[in-house]
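Peer 1: Give the three-dimensional model of this entry:
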Amino acid sequence: MDFHLSDDQQALRAGVHELLAGRFPRERLRAAVDAYEAADDEPVLDRALWRELADAGFFSLLLPEADGGAGLGLPEAVLVLEEAGRALLPGPLVAGMLLAGAVDGAAAGERVAGLCDAAATPALWEHPSDCDEVIVVTEHAACRYAPDGLRRAAVRSVDPLTPLARLLDSPSGAPHAADVPRLRREAVLLTAAQQLGGAVRALEAAVAYARQREQFGAPIGSFQAVKHLCAQMLVRVELARSAVYAASVTEDPVEVSGAKLLADEAAVRNARDSLQVHGGMGFTWEADVHLLLKRAWLRAESWQSAAAGEEALAEALADGHIAV
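Peer 2: Next comes the predicted model:
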């Protein structure tokens, strides 16, 4: 079996990379950070950008062609979300992609869909003030709500680009007909893809800085300690990429759990190492490294925490699902 990306998949990834580089460059990223910091629980999502993404087919990627979508699969969705994670693109992107066929107007970018994992403790809802409809998912069921039908309390998010609210209760809502195990599994995988993109950007930032920053008359990238940090970052990226891409093909629950674990580790540790390579500059608000680390911390707890992933793998080992 050939696991290389096809020409169409490579073109898709390159197209999304070019789109986000043009529509969400660093200047727009920093402007978004300022806007979110000043929002104070008010709607702040860039709806114009959201509609641009929808016009490019971002949210309708998984919809069948008969329903106006691209009719593609998880491998392609992973490539798109990887680039979104690399760009630090804000918004409930996983929800928008997975609920495009369930929430009217979501595929066209006219309405913003939210997805909340009520099985987690605490149950956190991303971008609560921006969502037009939210699907709350427990272990075995899902219900849809209007945003004002849920009691919530604002939570200070570690990531300035991801406002959060904690669900205080889950009143009875309209049942949402969905394959809940599959919905949860795909949410885990697409979140892992975002983490992979963040890990790639952290590596790129570290390498670029190590090439241009000089100390003792030489680029710091020529120093062995810095070389080792960057090499370890690359190894984490390649391991996570292999796992995430493979899980998108097999859709095996255990492989998805393993992919999320590896992607979380790559995103968090690469952001930390990138900060180390940047030295004192990495700790400043003006540098982007802290944004990568904060996003990685947040996503590491989204849809599957490290503890939950490790338990899933341990159970698979115990029952023989994974051969040793």
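
Peer 1: going forward, measure contacts and count neighbours with C-alpha atoms only.
Peer 2: Fine.

Peer 1: Report how many residues lie close to E65.
Peer 2: A count of nearby residues for E65, using other Cα atoms under 10 Å, gives 12.

Peer 1: three-state assignment of the closest residue to it other than its chain neighbours?
Peer 2: Using Cα to Cα, 6 or more residues apart in numbering and skipping residues adjacent in sequence, the residue nearest E65 is G71, 5.0 Å away. Using DSSP: H, G, I helix; E, B strand; the rest coil, the structure places G71 in coil.

Peer 1: pLDDT weak spots in this structure?
Peer 2: 1-3, 41, 43, 170-171, 323-324 (pLDDT under 70).

Peer 1: re the thing from before, distance of the residue nearest to E65 from C131?
Peer 2: Distance of G71 to C131, computed by Cα to Cα, to the nearest Å: 25 Å.

Peer 1: and these two? which has more neighbours close in?
Peer 2: Neighbours of G71 and C131, each counted by other Cα under 10 Å, are more numerous for C131; the result is 20 against 13.

Peer 1: Leaving out the residues flanking it, which one is nearest to the more buried one?
Peer 2: That would be V112: by Cα to Cα, 6+ apart, it lies 4.9 Å from C131.

Peer 1: Could you pull up the residues touching the one you found?
Peer 2: P92, G96, G105, A106, D130, C131, D132, E133 (Cα atoms under 8 Å, 6 or more residues apart in numbering).

Peer 1: For H140, grab the count of nearby residues.
Peer 2: H140: 11 neighbours (other Cα under 10 Å).

Peer 1: Could you look up the SS state of it?
Peer 2: coil.

Peer 1: Now do the closest residue to it other than its chain neighbours against L150, distance only.
Peer 2: Distance criterion Cα to Cα, 6+ apart; nearest residue to H140, sequence neighbours excluded, is V180 at 5.9 Å. Between V180 and L150 the computed distance is 20 Å (Cα to Cα).

Peer 1: Show me the longest helix that occurs in this structure.
Peer 2: Of all the elements of type helix in the chain, the one with the most residues (DSSP state H) is helix 180-212.

Peer 1: For that helix, name the packing helices and strands.
Peer 2: helix 74-86, helix 93-98, strand 218-219, helix 224-250, helix 253-278, helix 289-300 (3 or more Cα pairs under 8 Å, 6 or more residues apart in numbering; DSSP states H and E).

Peer 1: Distance from that helix to the middle of the chain?
Peer 2: 7 Å (Cα atoms, centre = their mean, to the nearest Å).

Peer 1: circling back: how about TSV for the contacts of V112, with distance to H278 and secondary structure added?
Peer 2: Shown next, in TSV, are the contacts of V112 (distance: Cα to Cα, whole Å; DSSP: H, G, I helix; E, B strand; the rest coil):
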residue	distance to H278	secondary structure
P92	30	coil
G96	34	helix
G105	43	coil
A106	40	coil
D130	34	coil
C131	36	coil
D132	40	coil
E133	41	strand
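
Peer 1: Write a PyMOL command that selects only the buried members of those.
Peer 2: A single PyMOL command selects the buried members of the contacts of V112 (16 or more other Cα atoms under 10 Å):
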select buried, resi 92+96+106+130+131+132+133
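
Peer 1: for the contacts of V112, which one is nearest E37?
Peer 2: Using Cα to Cα, D130 is the member of those that lies nearest E37, at 14.9 Å.

Peer 1: OK, contacts around the closest one?
Peer 2: So D130 contacts E42, P43, V44, L45, V112 (Cα under 8 Å, 6+ apart).

Peer 1: cool, G69 as well?
Peer 2: Applying Cα under 8 Å, 6+ apart, the residues contacting G69 are G57, S60, L61, L62, L63.

Peer 1: List buried residues within those residues.
Peer 2: G57, S60, L61, L62, L63.
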